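*Asks:* Sequence first, predicted model second:
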Amino acid sequence: MKKHPASQVPDEGVIKFRVHLETAAPDWSATICDLEAWRHILWRQSLIGVEKEPVWVGYGNVSMRLGDDPAQPSFLITATQTGHKSTLAAEDYVCVTACDLDRNAVSARGRARPSSESLAHHIIYRLCPDANFVFHVHSALLWSQSDRLSLPGTSADVAYGTPAMADAIATLFRETDLPATQALAMRGHRDGIIAFGATAEAAGTNLMKLLARALAMQSAP
């Protein structure tokens, strides 16, 4: 795994990368319909929401690919700390236009800063041309059953929202069946699960099927 200087991780609350935000009015209201529909489903299932202890913090984020540049894919992603909202408006989404893992920096356009997991979404779009939607959720059930579900997982010592997490996901693409499972466990990020797919329905259905399997395992004698 490539080492990134710790000095490049600023203290910005839940966001651990530098953000260059071009303030602009959102112009993607018509684009987010499928994404927002699935985000609302995930919110209703508490896979996206808010943790109140020990501090108030929102969790979960969704994104969709926009550009097709293989080296620098652009994508829409939920803005940071929107987990408490049942539905989102266009201004709650941000367009990530570039990610620089070596400099731990993200460039974006919109009204708010992008999700703290933007680097993880970026690396999936970069390494999986067929992925057009990425969902990051929190599920204690899926996380605890991830080994039994045969989900590829990042190491427990890899923190969320960092270039190291992006590197770890890249390793999973190379060394595991992640391209087939299209879902992974973030073992260093409690309850963190990522699923992706060619469509919003594919990514969301992947999560629902995994939940059904995990529930069956949990209730089996």
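*Replies:* Thanks, I have the structure now.
*Asks:* Over to the spatially most central residue of the chain. Which of the three states is it?
*Replies:* Note on the chain: the residue nearest the mean C-alpha position is His136, at 3.7 Å, using C-alpha atoms, centre = their mean. The three-state label given to His136 by DSSP: H, G, I helix; E, B strand; the rest coil is strand.
*Asks:* How about Ile193, nearest residue that isn't a chain neighbour?
*Replies:* Closest residue to Ile193 in three dimensions, ignoring its sequence neighbours and counting by C-beta to C-beta, 6 or more residues apart in numbering: Leu142, at 4.9 Å. Where C-beta positions appear, they are placed from N, C-alpha and C, glycine not excepted.
*Asks:* From the contact counts, what lies against the helix or strand hosting the one you found?
*Replies:* Of the helices and strands defined by DSSP states H and E, Leu142 is found in helix 140-144. Using 3 or more C-beta pairs under 8 Å, 6 or more residues apart in numbering; DSSP states H and E as the contact definition, the elements that helix 140-144 packs against are strand 192-197, helix 200-219.
*Asks:* on that earlier part again, I'd say the residue nearest to the centre of the chain and Asn61 touch.
*Replies:* Yes. Counting by C-beta atoms under 8 Å, His136 sits close enough to Asn61 to count as a contact (5.0 Å).
*Asks:* Touching both of the two, which residues are there?
*Replies:* Contact with both His136 and Asn61 is made by residues Ser115, Glu117, His121, according to C-beta atoms under 8 Å, 6 or more residues apart in numbering.
*Asks:* what sits against the second one?
*Replies:* Meaning Glu117. With contact taken as C-beta under 8 Å, 6+ apart, Glu117 is in contact with Asn61, His136, Tyr160, Gly161.
*Asks:* roughly how far apart are it and His138?
*Replies:* Computed as C-beta to C-beta, to the nearest Å, the Glu117 to His138 distance reads 11 Å.
*Asks:* And what about Ala180, helix, strand or coil?
*Replies:* helix.
*Asks:* number of nearby residues for it?
*Replies:* Residues lying near Ala180 (other C-beta atoms under 10 Å) number 8.
*Asks:* Likewise for Thr23?
*Replies:* As a burial measure, the neighbour count of Thr23 was computed by other C-beta under 10 Å and equals 9.
*Asks:* Look up phi and psi at it.
*Replies:* The phi and psi values for Thr23, taken as degrees, to the nearest 10, are phi -70, psi 120.
*Asks:* give the contact list for it.
*Replies:* Contacts for Thr23 (C-beta under 8 Å, 6+ apart) come out as Gly110, Arg111.
*Asks:* Could you report the distance from it to Ala79?
*Replies:* Using C-beta to C-beta, one obtains 13 Å as the distance from Thr23 to Ala79.
*Asks:* any residues in contact with both of the two?
*Replies:* Where contact means C-beta under 8 Å, 6+ apart, the residues bridging Thr23 and Ala79 through contact with each are Gly110, Arg111.
*Asks:* what comes up buried for the helix or strand of the chain with the lowest mean pLDDT?
*Replies:* Least confident helix or strand, the chain: strand 57-59 with a mean of 82, by mean pLDDT, DSSP states H and E. By neighbour count, and taking 16 or more other C-beta atoms under 10 Å as the criterion, the buried residues in strand 57-59 are Gly58, Tyr59.
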